[in-house]
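Trainee: this is a predicted model, with the sequence first.
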Amino acid sequence: MKISIFGLGYVGCVSAACLAEAGHDVTGVDVDLTKVDLLNGGKSPVIEKDLETLIGKAVKNGTLRAVASADDAVAGSELSLICVGTPSRPNNSLNLDYVDRVCREIGRALKKKTHHVVCVRSTMIPGSTENHVIPSLEEGFGGSLPDRIQVAVNPEFLREGTAVHDYFNPPKTVVGAASSDAADHVVSLYEGIEAPVVKTSIATAEMVKYVDNVFHALKISFANEVGTLSKILGVDSHEVMDIFASDTKLNISRAYLKPGFAFGGSCLPKDIRAILYKGRSEDQDLPLLSSILPSNDMQIDRAVRMIQEAGKRPLTFLGLSFKPGTDDLRESPLVILIETFLGKGYDIRIYDENVSLARLVGANRAYIEKEIPHISNLMIADLDEAMRFGETIIVGHDDPRFAKVVSKLSGGKTVIDLVRLFDAPPDGIDYHGFNW
Ligand SMILES: NC(=O)c1ccc[n+]([C@@H]2O[C@H](COP(=O)([O-])OP(=O)(O)OC[C@H]3O[C@@H](n4cnc5c(N)ncnc54)[C@H](O)[C@@H]3O)[C@@H](O)[C@H]2O)c1
């Protein structure tokens, strides 16, 4: 395919050289003439392992060249990759000036074209394609883009230092596009590269890149704070993390990575408090680990606001224990939520089969009678009766019976779903997903 690449920095140069190596015909564009000259001389404008060899080979073969004019590059290609920088502004917001400018230039060049795909590889906050890329392309083009000129997003996952290797061995290929035609066009660039291909919406593709980078940063800081604490305690942090990472069921896995409601229970909050106390007693701050419980409390506060804003009383809660399948109420975030609304004078009923049983028998009976008798008295044993009672139904447990009764609700009632009972909520109910 004939490709033009805008921005010959790390991402642009690596993409240009690797796409040429894969058999494509590539024209690089940069406003920096030194970079243009270097590339045309077979030299790499950036230091990166194996890159200069690939550039030298492609320039010699005539499959790679650089120019300073967007016009020529767009005219001679069917797809343009945008790889310009997206730095921070002094207030930390994302500076999209380079993206806006390059899009206006490409837009002007597109006036002479009947079909083209403009694909952004630069990292941009979700909404940037809609609010910057398309309007700037249209500004340059002088009106709405015709259907045959399409826009896509294809985030780059390479790491400096191993960028060429990463290009040919990516963890995944993600393409966001409004049409499958545009997505297929971009995917075809990477034929022969073994990696799962994900086609999605533009905003999701934009978001995935941030989630990846934030998670990588989180992993590094997490491991470093574990190291800080381990060193103080005389434990070998590398041995600890090797054992930790060998658990691919709960640790290095999909477990606990679905957005939902706050955690609770008899272990997580207590154990975080204990380890933070130990750090403090050794005069050691652990800012990342210290932020976990405030973050969790913030989710409970958000749920309070959401239920209040729904504005309908009385309330029915489906679920009371800290997670489904247990009667354990210790530090259940649902108990905290319910207590908040009792304090505000709301009329409430609660359905939780396991807790109802525990009130009669079970080891939790004493806890219920002693610690939360005010809540225990609000329990209803019949699910249908619970559903009739509340004008706002708060779903706190993921239980197929709850999905069934909620989908049968008739109009008028509001549902606040803290667990994502449905990927696509049923029609005809006033449904609010908590973190989606
Ligand atoms: N560097 C990385 O490891 C990496 C990895 C993945 C994603 N990203 C993202 O990719 C994007 C590019 O990063 P980079 O590190 O390659 O940036 P960079 O600063 O190294 O290169 C950007 C290039 O764009 C050029 N440019 C600016 N305006 C232009 C215009 N109007 N026309 C043509 N060229 C123009 C600049 O002269 C520069 O050479 C950023 O959004 C970054 O966040 C970077």
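Mentor: The structure has been received and is ready for your questions.
Trainee: pLDDT weak spots in the protein?
Mentor: 360 (pLDDT under 70).
Trainee: for it, what lies in contact range of the ligand?
Mentor: 6-12, 29-32, 35, 83-86, 98, 101-102, 105, 122-123, 156, 158, 160 (C-beta under 6 Å from any ligand atom). In short, each C-beta sits where N, CA and C put it, glycine included.
Trainee: which of those residues fall in helices?
Mentor: 10-12, 35, 98, 101-102, 105 (DSSP state H).
Trainee: out of those, the closest to L357 would be?
Mentor: L357 lies nearest to V11 out of those, by C-beta to C-beta, at 58.1 Å.
Trainee: returning to that earlier point: filter the residues of the chain next to the ligand down to the buried ones and hand me the PyMOL line.
Mentor: PyMOL command restricting the residues of the chain next to the ligand to the buried ones, with burial defined by 16 or more other C-beta atoms under 10 Å:
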select buried, resi 6+7+8+9+10+11+12+29+30+31+35+83+84+86+98+101+102+105+122+123+156+158
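Trainee: element containing S321?
Mentor: For S321, there is no helix or strand it lies in under DSSP states H and E.
Trainee: can you count the residues close to it?
Mentor: 24 (other C-beta atoms under 10 Å).
Trainee: distance of it relative to E385?
Mentor: Using C-beta to C-beta, to the nearest Å, S321 is found at 20 Å from E385.
Trainee: cool, and S179?
Mentor: 50 Å.
Trainee: bridging residues for the closest residue to T204 other than its chain neighbours?
Mentor: Counting by C-beta to C-beta, 6 or more residues apart in numbering, T204 lies nearest to G176, which is 5.9 Å off, once chain neighbours are set aside. Counting by DSSP bridges, G176 is bridged to V153, T200.
Trainee: doesn't K209 make contact with G176?
Mentor: No - counting by C-beta atoms under 8 Å, G176 stays clear of K209, with 9.9 Å between them.
Trainee: more neighbours: which of these two?
Mentor: G176 (28 against 22).
Trainee: doesn't L81 belong to a strand?
Mentor: Yes - checked against DSSP: H, G, I helix; E, B strand; the rest coil, L81 lies within a strand.
Trainee: pretty sure it contacts M1?
Mentor: No - L81 is beyond contact range of M1, at 10.9 Å (criterion: C-beta under 8 Å).
Trainee: who has more neighbours out of the two?
Mentor: Counted by other C-beta under 10 Å, L81 and M1 do not tie: L81 has more neighbours, with 28 against 16.
Trainee: what is the burial count for the closest residue to the more buried one other than its chain neighbours?
Mentor: Distances taken as C-beta to C-beta, 6+ apart put I5 closest to L81, at 4.8 Å, once the chain neighbours are dropped. Look at I5: counted by other C-beta under 10 Å, it has 29 neighbours.
Trainee: mind giving me the domain split of the protein?
Mentor: For the chain, automatic domain parsing gives the domain ranges 2-201, 295-433.
Trainee: which parts of the stretch 1-150 of the chain are strands?
Mentor: 2-6, 25-29, 64-67, 79-82, 116-120, 149-153 (DSSP state E, counting those that start in this stretch).
Trainee: which residues sit against the first one?
Mentor: It stands for strand 2-6. 12, 15-16, 19, 24-30, 70, 73-74, 76-84, 102, 106, 189 (C-beta atoms under 8 Å, 6 or more residues apart in numbering).
Trainee: what angle sits between it and strand 25-29?
Mentor: 20 degrees (axes from the mean of the first three to the mean of the last three C-alpha atoms, to 10 degrees).
Trainee: can you tell me how far the residue nearest to E21 when sequence neighbours are not counted is from D427?
Mentor: In this structure, E21 finds its nearest non-sequential neighbour in L54, 5.2 Å apart by C-beta to C-beta, 6+ apart. Going from L54 to D427 by C-beta to C-beta gives 54 Å.
Trainee: who's more crowded, the two?
Mentor: L54 (21 against 7).
Trainee: tell me how many other residues surround H115.
Mentor: Residues near H115, counting by other C-beta under 10 Å: 13.
Trainee: just N154 next, same as before
Mentor: 22.
Trainee: for G142, what are phi and psi?
Mentor: phi 90, psi 30 (degrees, to the nearest 10).
Trainee: OK, contacts around it?
Mentor: 107, 111.
Trainee: mind checking how far it is from the ligand?
Mentor: Taking C-beta to the nearest ligand atom, to the nearest Å as the measure, G142 falls 18 Å from the ligand.
Trainee: before we move on, what about H238?
Mentor: 27 Å.
Trainee: quick check: buried residues in stretch 224-236?
Mentor: For stretch 224-236, by 16+ other C-beta under 10 Å, it's 225-230.
Trainee: spatially nearest residue to I368 (excluding sequence neighbours)?
Mentor: The nearest residue in space to I368 (C-beta to C-beta, 6+ apart) is S376, at 4.7 Å.
Trainee: if you tally nearby residues, what's the number for the one you found?
Mentor: 20.
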